[in-house]
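Novice: Model the following, please.
(2 chains)
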Amino acid sequence: MKQIMDGNEAVALAAKLARVKVISAYPITPQTTVVEKLADYVSNGELDAEFMKVESEHSAMSACIGAAATGVRAFTATSSQGLMLMSEMLYVAAGLRLPIVMTNANRSISAPLSIWCDQQDSMTVRDSGWIQLYCENNQEILDTTIQAFRISEELLLPVMVCYDGYILSHTLEPVDCPDQADVDAFLPRYNYPYALDPEKPVSIGAVGVPEYYMEFRYLLQKAVQESKAKIVEIDREFKRRYGRGYGILEKYQSDDAEVVILTMGSLSCSCKDIVDSLRQRGEKVGLVKLKSFRPFPTEEIIEALGRAKAVAVVEKDISLGYAGGLFIDTAAAFVNTGKAPLMINFICGLAGRDVTSAHLKQAIRETQKAAETGKVEKKIRWLGLQEKLVEE
Amino acid sequence: MKLKPGAVITEPGSSERYETGGWRTFRPHIDDSKCTGCGICWLFCPEAAITKDKPPKVDLRYCKGCGICANECPVKAIIMMEEGRK
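Specialist: Numbers count the residues shown, from 1 in each chain, chains lettered A, B, ... in the order given. Below you'll find the predicted structure:
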C-alpha cells in the first residue's frame, strides 16, 4: 500500500517491519524523527521492542553490540557528530562480526557547525568494516533498510544505510509499503550462532595478540569484499518479491555514453534529469549511481565506466589534503588495468549548498571538454564555490 | 584450528593452551634452604604459576617473569635471574 512519508519515517517503518528487538539511539538532527517515530511504535504497542534511551551515541552503539551478542535484532540511527562519537564502537561492532543495522541521515561535520546535508560523516568511517549502502529516494530507503537486516545477519557484518539529510530525511514522497506478512517471509528469525548463553559459554572480545590479529583482519576484509555477491543475491530476491531492485550500482544511459557522471545518493535523481535532457539533444551522456560504497565494487565500476572517454565524479565529501573519497576509490579501481577514462572530481553540495542543474551541466561541459581534448586541466574542481569570498 | 568470525572463543578454558612463558625475560630462582613454605608467593602470583609447596614449584609454561613473587617473599628466598644465565 502506498503511503506518503519522509525518509526518516521510511526508516522507522522498515525497522518496525523487521521486528527489531532492541533500539538504542540518541536523537540528533536530522535523524531525530526516526527515533521519535520508533519510540511512538514502542509506546503504543505497535512494536514489541526494548527502547533504550542512552546518554550518547557511543553508548547507543555499545548497547547495540551487547544486544546483538545476545542474539536479538538490534537497530540504531544517527547522523554526523553522532556517527563520529560512536566511531570507536563501529570498529568494534565490525571486528566482532555482529549483525547490526544502522541508518545514517547524512549530515556535514563540524567545524563550522552545520546541520545540513553532505556525505562527509559516513565517508569518514568507510574503513570501519561496515557495509555502506547509499539511497536515492525514500522508497529505496525503506527497501534497503529491510534488505540490510538480511545482508547483515547472513554475513555477520554490520550494515549502514545512508541517505541524504533533509533532502530525503524530511521530504515527503509516496512509498510503497510492504505488508508485515511479506516482510516476515523475507526476513527469517535472527539466529546468531554465538549468542551469549550461560548453557554454552563463549568469550567475545578477546585480545588479538600479534600471532592472530592479522588473521582476523584478513577474515574481516574477505567477508566485506565477498559480501558483494550476497548483497546482489538478496536484492534479486527482494525484486522477485516486490518488483523493486537496485543492484550494487545502477547504470543509467551509460552503456554508450562518452561522458558519465558517477555519484551516490539523492544527487543521482537530479543527474538522471540532466542526462535525459542532454540525451534529447543527442549528447552521449550517462550516469552511474553507486549504491554500495563498501564493499567497493571494483569490477562493476570498471565495467560501467571503462568505455567512457571521461568521467565526472560528483560527490559531497572530501578527504582533506587529497580528493573526494569516491574519486580516490574510483581512480584506484582502474590501477593496473592499462586503460582508464579521464576523471574529474567535482566537490559540491557541502553542508546543504544547493547543487543546481546549472552546476551539474557545468560539470558535464567540463568533462565533455576533457573527453574532446584528451586533457584534464584541473583534477579537482569545486562546484558552486563563491570564489570571490575565498580569493586572496 | 580454524578461527571463528569476530574472534569468538567457543571453548571455555582454552586460554590454558596459550603459554605465556615465552614473554619472560627474568626467571624466578628459589633458594630451597631459605624457603619457609609460607605460601605468599603462591598467593600473589598473578598467573597462578606457583604451587603452594615447600619449596614451591614454578610452572615455566605460564610464568611471565613479572617478579612479584621475588618482591613479596618475606625471607628473600626468590631471586630473579636473566633467562639464559646459570
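Novice: helix or strand for A:D118, which one?
Specialist: Using DSSP states H and E, A:D118 sits within no helix or strand.
Novice: Tell me if I'm right that it and A:T124 touch.
Specialist: No: between A:D118 and A:T124 there is no contact under CB atoms under 8 Å: 11.0 Å. C-beta here means a position set from N, CA and C on the backbone, and glycine is covered the same way.
Novice: Show me where the chain dips below the pLDDT cut-off.
Specialist: If you meant another chain, say so; for now it's chain A. For chain A, applying pLDDT under 70 flags no range at all.
Novice: Wait, chain B was what I had in mind.
Specialist: B:1, B:86.
Novice: Now do the contacts for residue 64.
Specialist: No chain specified, so I'll use chain A. A:V22, A:S24, A:A74, A:F75, A:T76, A:A93, A:L98, A:I100, A:M102 (CB atoms under 8 Å, 6 or more residues apart in numbering or on different chains).
Novice: please go with chain B instead
Specialist: Contact analysis of B:K64 by CB under 8 Å, 6+ apart lists B:T20, B:G21, B:W23, B:R24, B:E47.
Novice: give me the number of residues near the residue nearest to it when sequence neighbours are not counted?
Specialist: Spatial nearest neighbour of B:K64, chain neighbours left out: B:W23 (4.6 Å); criterion: CB to CB, 6 or more residues apart in numbering or on different chains. Neighbour count of B:W23, defined by other CB atoms under 10 Å in any protein chain shown: 11.
Novice: Am I right that B:W23 is in contact with B:G65?
Specialist: Yes: applying CB under 8 Å as the test, B:W23 and B:G65 come out as touching, 7.1 Å apart.
Novice: Now do residue 84: how many residues are near it, please.
Specialist: As the question left the chain open, I've gone with chain A. 19.
Novice: hmm, I had chain B in mind actually
Specialist: B:G84: 7 neighbours (other CB under 10 Å).
Novice: And for A:V224?
Specialist: Other residues within reach of A:V224, judged by other CB under 10 Å, total 20.
Novice: hang on, it in a helix?
Specialist: Yes: according to DSSP: H, G, I helix; E, B strand; the rest coil, A:V224 belongs to a helix.
Novice: list the contacts for the residue nearest to it when sequence neighbours are not counted?
Specialist: Ranked by CB to CB, 6+ apart and with sequence neighbours excluded, the top spatial neighbour of A:V224 is A:P295, at 5.4 Å. In this structure, A:P295 makes contact with A:I131, A:V224, A:Q225, A:E226, A:S227, A:K228, A:I231, judged by CB under 8 Å, 6+ apart.
Novice: Likewise for A:A77?
Specialist: Per CB under 8 Å, 6+ apart, neighbours of A:A77: A:V11, A:A25, A:Q31, A:V34, A:V35, A:M102, A:T103, A:N104, A:A105.
Novice: if I look at it, how far off is A:G338?
Specialist: Distance, A:A77 to A:G338, by CB to CB, to the nearest Å: 43 Å.
Novice: same deal with A:A185?
Specialist: In terms of CB to CB, A:A185 sits 47 Å off from A:G338.
Novice: neighbour-wise, which of these two wins?
Specialist: A:A185 (11 against 6).
Novice: what about the more buried one, which helix or strand?
Specialist: Using DSSP H and E, A:A185 falls in helix A:180-186.
Novice: In chain B, what residue lies closest to chain A?
Specialist: Nearest to chain A, among the residues of chain B, is B:G6, at 3.2 Å (CB to the nearest CB).
Novice: Name all residues that make contact with that residue.
Specialist: Residues near B:G6 by CB under 8 Å, 6+ apart: A:G95, A:L96, A:R97, A:L98, A:L156, A:Y194, A:I204, A:F216.
Novice: Can you point out the helix or strand that includes the closest residue to A:S128 other than its chain neighbours?
Specialist: Nearest non-adjacent residue to A:S128, counting by CB to CB, 6+ apart: A:L90, 4.3 Å away. Element membership for A:L90 (DSSP H and E) is helix A:87-95.
Novice: next one: B:K2
Specialist: B:K2 belongs to no helix or strand, assigned by DSSP H and E.
Novice: how far away is it from A:V22?
Specialist: B:K2 is 30 Å from A:V22, by CB to CB.
Novice: More neighbours: which of the two?
Specialist: Higher neighbour count among B:K2 and A:V22: A:V22, with 20 against 5, using other CB under 10 Å.
Novice: The more buried one and chain B, how far apart?
Specialist: Going from A:V22 to chain B by CB to the nearest CB, to the nearest Å gives 18 Å.
Novice: Neighbours of the residue nearest to A:L220 when sequence neighbours are not counted, how many?
Specialist: Leaving aside its sequence neighbours, A:L220 sits nearest to A:G129 (CB to CB, 6+ apart; 5.3 Å). Using other CB under 10 Å, A:G129 is surrounded by 22 other residues.
Novice: From B:I78, how far off is the residue positioned nearest the centre of chain B?
Specialist: In chain B, the residue lying closest to the centroid (CA atoms, centre = their mean) is B:C63, at 2.9 Å. Distance, B:C63 to B:I78, using CB to CB: 11 Å.
Novice: Overlap of the contact sets of the two?
Specialist: B:P28.
Novice: ok so, going back, I'd like the distance between the residue nearest to A:L220 and chain B.
Specialist: 10 Å.
Novice: And A:H58, by the same measure?
Specialist: Separation of A:H58 from chain B (CB to the nearest CB): 20 Å.
Novice: Please apply the same query to A:N44.
Specialist: In terms of CB to the nearest CB, A:N44 sits 36 Å off from chain B.
Novice: With A:F51 instead?
Specialist: On the measure of CB to the nearest CB, A:F51 and chain B end up 26 Å apart.
Novice: Could you do A:S357 as well?
Specialist: To chain B, A:S357 is 46 Å away according to CB to the nearest CB.
Novice: I'd say that residue and A:K272 touch.
Specialist: No: contact criterion CB under 8 Å: A:S357 and A:K272 do not qualify, at 11.4 Å.
Novice: Contact residues of chain B facing chain A?
Specialist: Proximity of chain B to chain A, by CB under 8 Å from any CB of the partner chain, involves residues B:L3, B:K4, B:P5, B:G6, B:A7, B:V8, B:I9, B:T10, B:P12, B:Y18.
Novice: Quick one: those as CSV, columns for distance to A:L287 and secondary structure too.
Specialist: Formatted as CSV, the residues of chain B next to chain A follow (distance: CB to CB, whole Å; DSSP: H, G, I helix; E, B strand; the rest coil):
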residue, distance to A:L287, secondary structure
B:L3, 42, coil
B:K4, 42, coil
B:P5, 37, helix
B:G6, 38, helix
B:A7, 41, helix
B:V8, 42, coil
B:I9, 48, strand
B:T10, 47, coil
B:P12, 55, coil
B:Y18, 54, coil
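Novice: Write the ChimeraX selection for whichever of those residues are buried.
Specialist: Applying 16 or more other CB atoms under 10 Å in any protein chain shown to those, the buried members can be selected in ChimeraX as follows:
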select /B:4,5,6,7,8,9
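Novice: Just send the residues of chain B next to chain A back as TSV, with distance to B:N71 too.
Specialist: Shown next, in TSV, are the residues of chain B next to chain A (distance: CB to CB, whole Å):
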residue	distance to B:N71
B:L3	38
B:K4	39
B:P5	42
B:G6	39
B:A7	34
B:V8	37
B:I9	32
B:T10	38
B:P12	32
B:Y18	25
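Novice: farthest-separated two in the residues of chain B next to chain A?
Specialist: B:P5 and B:Y18 (19.8 Å; CB to CB).
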